[in-house]
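Undergrad: Sequence first, then the predicted structure:
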Amino acid sequence: MSDLWAQERADRLSKASPLADRMRPAELDEVVGQASVLGEGSLLRRLITSDRMGSILLWGPPGTGKTTIASLIASHTGRRFVSANASMIGVKDIRDIIDASRRHIESGEKSTILFLDEIHRFSRSQQDVLLGDVERGILTLIGATTENPWYAVNAALASRSTVFHLEVLSEEEIVRILRRAAEHDDLVRSKQPVISEEAFNEWARLCDGDARRALNAMEVAILGSADPVPVTIGRMEAAESIQTKALRYDRSGDAHYDHISALIKSVRGSDPDAAVHWLAVMLASGEDPRFICRRMAILASEDIGLASPQAIQMAAAAWTITERVGMPECQLTLSELVIYLSTCPKSNAAAQAIWNAMSDVEDNRSQAVPEHLRSGHDPTHDASGKNYVNPHTKPADAEGQIYLEDRRRYYEPGEAGFEAEIKRRLQEGGSDEPS
């Protein structure tokens, strides 16, 4: 017997859901962005159309379509779809889903797709229950994570899955999604919204690539308006509905390393404006300024070195001041530091010297200390230190004195900054060429 009221109940539930859920694409071609992952000829597209899906991990920032892609895979392959948050599902729940999927397969149906959001929060006990049946094909796992799965997801789980990296959506792609919602969502259309170009651009700019955030902000602006129909939305109303920009930053996750990497590479590339921008993002996101100091101190030695010996002094001074004054005042000191380091001449010759020397030592190529350089405290070596010539007292006799038997050239000064002077000094000193 058919349920005469089923459609009406479904319509009511749909209206109660957020705009972002109501506007989920029903077809693969409706997905905006992610052409490299889901476009024609892509690996994931081929797996879906051929129905050869194995377990996959969808990795990307919030609002890039991970849940949407998972549900589309289920609908296109005709599989039962179970969605859960990895931090909230229990071992018993997982066993029940596996048992149900096994019964479906035994009755001639396809395996169930289990979609686990925030899979990086999956516990060891949950994983142990799941792994065997995933390997045997009893269950198809689709995991979603904002963290790099090769670091955040257990290696056993990551190695059994194909990883697809979703990119943040561009502002143009966000605007396309918003326009489609304004034109096709019945609840939004009931307000007959008149939305300015500036409003669309403001949502796209402030959502930071998160389509869900942009759609929810548009719904707040339109449905929350006290104005009579038609509702007019301009830049000011759009900005008010979304408020502050959401920074894609997690101090314990990928963004922590991505942003410090961007800062270091900007300084190394002598771009002070980019360096200050990434510094500002990190500080505004609550990054520990002492962590930034530590990395800048390393950079001063590794990437600037003796091309500008003052760089390491500046880094040490900035670290001390940061420890003493803290935020927000230390942002001034850190700004000064990254600008100074960005504008310094660059050389990694000193860093390369110790890396090469360490490589020799670790490869068992270290040498015995020559007799004339020994301390003289070893009674088994009567000649220890006796033939050593002190350059202070006998500079002429000390010329040509051997300090390393198997001569190697570790330090090769460049031409940048103070290293040009160091190079001149070494050449005038008649430093022996390595054998």
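TA: Thanks, I have the structure now.
Undergrad: The residue nearest to residue 78 when sequence neighbours are not counted: how many residues sit nearby?
TA: Of all residues not flanking residue 78 in the chain, residue 110 sits nearest, at 6.3 Å (CB to CB, 6 or more residues apart in numbering). Using the backbone N, CA and C atoms, a C-beta is placed for each residue, glycine as well. Number of residues near residue 110 (other CB atoms under 10 Å) recorded here: 16.
Undergrad: How about residue 403?
TA: Counted with other CB under 10 Å, the neighbours of residue 403 add up to 10.
Undergrad: I figured it hits residue 372, correct?
TA: No: with contact defined as CB atoms under 8 Å, residue 403 does not reach residue 372; the gap is 9.4 Å.
Undergrad: quick revisit: and the residue nearest to residue 78, what pLDDT?
TA: Confidence at residue 110, expressed as pLDDT, is 86.
Undergrad: ok, it to residue 104 distance?
TA: The gap separating residue 110 from residue 104 is 7 Å, by CB to CB, to the nearest Å.
Undergrad: joint contacts of the two?
TA: Common neighbours of residue 110 and residue 104 (criterion: CB atoms under 8 Å, 6 or more residues apart in numbering): residue 80.
Undergrad: Now do the helices in the stretch 101-250 of the chain.
TA: Taking DSSP state H, counting those that start in this stretch, the helices of the stretch 101-250 of the chain run over residues 124-135, 149-152, 155-159, 171-184, 186-189, 197-206, 211-223, 235-242.
Undergrad: still on that earlier bit, contacting residues around the residue nearest to residue 78?
TA: Contacts of residue 110 by CB under 8 Å, 6+ apart are 77, 78, 79, 80, 104.
Undergrad: Of those residues, which is the nearest to residue 394?
TA: Taking CB to CB as the measure, residue 394 lies nearest residue 77 of these, at 85.5 Å.
Undergrad: which residue packs closest to that closest one, ignoring adjacent ones?
TA: Nearest non-adjacent residue to residue 77, counting by CB to CB, 6+ apart: residue 51, 5.0 Å away.
Undergrad: Number of residues surrounding residue 158?
TA: Neighbour count of residue 158, defined by other CB under 10 Å: 20.
Undergrad: One more: the one 10 residues further on?
TA: The criterion is other CB under 10 Å. On that basis, residue 168 has 17 neighbouring residues.
Undergrad: what's the spacing between it and residue 200?
TA: Separation of residue 168 from residue 200 (CB to CB): 18 Å.
Undergrad: One more: residue 138?
TA: Distance, residue 138 to residue 200, using CB to CB: 46 Å.
Undergrad: of those two, who's got more company?
TA: The neighbour comparison of residue 138 against residue 200 (other CB under 10 Å) goes to residue 200, with 22 against 18.
Undergrad: Correct me if wrong: the more buried one contacts residue 179.
TA: Yes: using CB under 8 Å, residue 200 makes contact with residue 179 at a distance of 6.9 Å.
Undergrad: Next, show the common contact partners of the two.
TA: By CB under 8 Å, 6+ apart, no residue touches both residue 200 and residue 179.
Undergrad: What's the local residue count around the closest residue in space to residue 295 that isn't next to it in sequence?
TA: Using CB to CB, 6+ apart and skipping residues adjacent in sequence, the residue nearest residue 295 is residue 260, 5.6 Å away. Close neighbours of residue 260, defined as other CB under 10 Å, add up to 19.
Undergrad: how much space between residue 260 and residue 130?
TA: Distance from residue 260 to residue 130, by CB to CB: 34 Å.
Undergrad: Show the subsequent helix or strand relative to the worst-scoring helix or strand of the chain on mean pLDDT.
TA: Counting by mean pLDDT, DSSP states H and E, the chain has its least confident helix or strand at helix 6-16, which shows a mean of 54. Scanning forward in sequence from helix 6-16 by DSSP states H and E, the next helix or strand is helix 19-22.
Undergrad: hmm, who's touching that next one?
TA: Outside of helix 19-22, the residues within contact range by CB under 8 Å, 6+ apart are 14-15, 63, 181, 185, 187-188, 211-212, 215-216, 218-219.
Undergrad: Which of the residues you listed has the largest number of neighbours?
TA: residue 218 (29 neighbours).
Undergrad: residues in contact with that residue?
TA: With contact taken as CB under 8 Å, 6+ apart, residue 218 is in contact with 19, 178, 181, 182, 188, 195, 203, 233, 238, 241.
Undergrad: Apply 7 Å and report the result again.
TA: The neighbourhood of residue 218, defined by CB atoms under 7 Å, 6 or more residues apart in numbering, consists of 19, 178, 181, 203.
Undergrad: In this structure, where is pLDDT below threshold?
TA: Where the chain drops to pLDDT under 70, the residues are 1-16, 243-255, 364-365, 376-386, 429-435.
Undergrad: got the domain boundaries for it?
TA: Domain assignment of the chain by automatic domain parsing yields the ranges 34-165, 171-242, 254-343, 359-428.
Undergrad: Dump these to JSON lines, plus distance to residue 24.
TA: JSON lines is the format used below for the domains of the chain (distance: least, CB to CB, whole Å):
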{"stretch": "domain 34-165", "distance to residue 24": "5"}
{"stretch": "domain 171-242", "distance to residue 24": "10"}
{"stretch": "domain 254-343", "distance to residue 24": "25"}
{"stretch": "domain 359-428", "distance to residue 24": "54"}
